[in-house]
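Undergrad: I would like the atomic coordinates for the input below:
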Amino acid sequence: MRILVIEDEQKAGVYIKKGLEEAGYLVDVVSDGAEGLLFAKEQDYDVIVLDVMLPSMDGWTVVRNLRESKTTPVLFLTARDDIADRVRGLELGADDYLVKPFAFVELLARVRSLARRGPPRESDVITVGDLEIDVTRRKVKRGGRRIDLTPREFALVQLLARRHGEVLSRTQIASYVWDMNFDSDTNVVEVAVRRLRAKIDDDFQIKLIQTVRGVGYVLTTGEPD
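TA: Just a heads-up that it's a prediction; the model follows:
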């Protein structure tokens, strides 16, 4: 699952990101309200953790604009403990409210709760040919055989499987899996795909992960779309 954290306090952002990643989430952190709104609208997140007091655009304005097009669950995270502020945030479309300082275990519990009751997501089990990916349990099987993957390898195969038949560029893959802008001098994507192939394809006659030269990669049981 992917979480967007919009928080302008650097230490708080690093703390939240580290904790959520250790819990198995992919996390983007943005420190500006307007930029955070752009991220929230252009990408799909399971939960957004949103501070109220932000530069360029406050959290209330962010959630009001977000609700024009998306129903992503929002957890307000703020030092403001006034009842009127809580009510205002909830009326604008926030789903929960947590006051600083907070215990991380409570933040994690609330994020998990929001993710469970969020908008309908794609199937928790993705099947492509004889490859089966259980997103909830984070398990992968091929031909009934369990395949152990690292968190990054799991994120990569999940991305390819969600969009099977579609050729994804190295830039798209790097942005989703590593939260980085692709650098032509970096071979991180190629290395990751090579390692994933060794686990997913090497022991099987049908190769699912294909290279489209000069474009990127695709996971398919036939010809790329």
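Undergrad: okay, now the domains of the protein?
TA: According to automatic domain parsing, the chain is divided into the following domains: 2-116, 125-219.
Undergrad: just name the most buried of those domains.
TA: domain 2-116 (a mean of 17; mean count of other C-beta atoms under 10 Å). Glycine gets a C-beta too; all of them are placed from N, C-alpha and C.
Undergrad: all helices of this protein, in order?
TA: 10-22, 33-42, 59-66, 83-92, 104-116, 151-162, 170-177, 188-200 (DSSP state H).
Undergrad: the second one packs against which elements?
TA: With contacts defined as 3 or more C-beta pairs under 8 Å, 6 or more residues apart in numbering; DSSP states H and E, the secondary structure elements packing on helix 33-42 are strand 2-6, strand 26-30, helix 59-66.
Undergrad: each with direction, which strands does the first one pair with?
TA: Strands flanking strand 2-6 in the sheet, each with its direction: strand 26-30 (parallel), strand 47-51 (parallel) (DSSP bridges).
Undergrad: how distant is that strand from the center of its chain?
TA: 8 Å (C-alpha atoms, centre = their mean, to the nearest Å).
Undergrad: worst mean pLDDT across the helices and strands of this structure, which element?
TA: helix 83-92 (a mean of 70; mean pLDDT, DSSP states H and E).
Undergrad: in space, what's closest to Lys100 - neighbours in sequence excluded?
TA: Ala79 (4.5 Å; C-beta to C-beta, 6 or more residues apart in numbering).
Undergrad: contacts only, for that neighbour.
TA: Met53, Val99, Lys100 (C-beta atoms under 8 Å, 6 or more residues apart in numbering).
Undergrad: want to throw these into a markdown table with distance to Glu68 and pLDDT?
TA: Shown next, in a markdown table, are the contacts of Ala79 (distance: C-beta to C-beta, whole Å; pLDDT from 0 to 100):
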| residue | distance to Glu68 | pLDDT |
| --- | --- | --- |
| Met53 | 22 | 87 |
| Val99 | 27 | 83 |
| Lys100 | 28 | 81 |
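Undergrad: among these, which ones are in strands?
TA: Val99 (DSSP state E).
Undergrad: now the contacts of Ala79 in TSV, with distance to Gln172?
TA: Formatted as TSV, those follow (distance: C-beta to C-beta, whole Å):
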residue	distance to Gln172
Met53	33
Val99	38
Lys100	35
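Undergrad: tell me the one among the contacts of Ala79 nearest to Gly24.
TA: Lys100 (23.9 Å; C-beta to C-beta).
Undergrad: next, the contact list for the closest one, please.
TA: Contacts of Lys100 by C-beta under 8 Å, 6+ apart are Ala12, Leu77, Thr78, Ala79.
Undergrad: equivalent analysis for Phe76, please.
TA: Phe76 touches Leu50, Asp51, Val52, Gly59, Val63, Arg86, Gly89, Ala94, Asp96, Tyr97, Leu98, counting by C-beta under 8 Å, 6+ apart.
Undergrad: look up how far Val188 lies from the closest residue in space to Trp60 that isn't next to it in sequence.
TA: Nearest in space to Trp60, with sequence neighbours left out and distances taken as C-beta to C-beta, 6+ apart, is Leu92 at 5.6 Å. Per C-beta to C-beta, to the nearest Å, Leu92 is found 39 Å from Val188.
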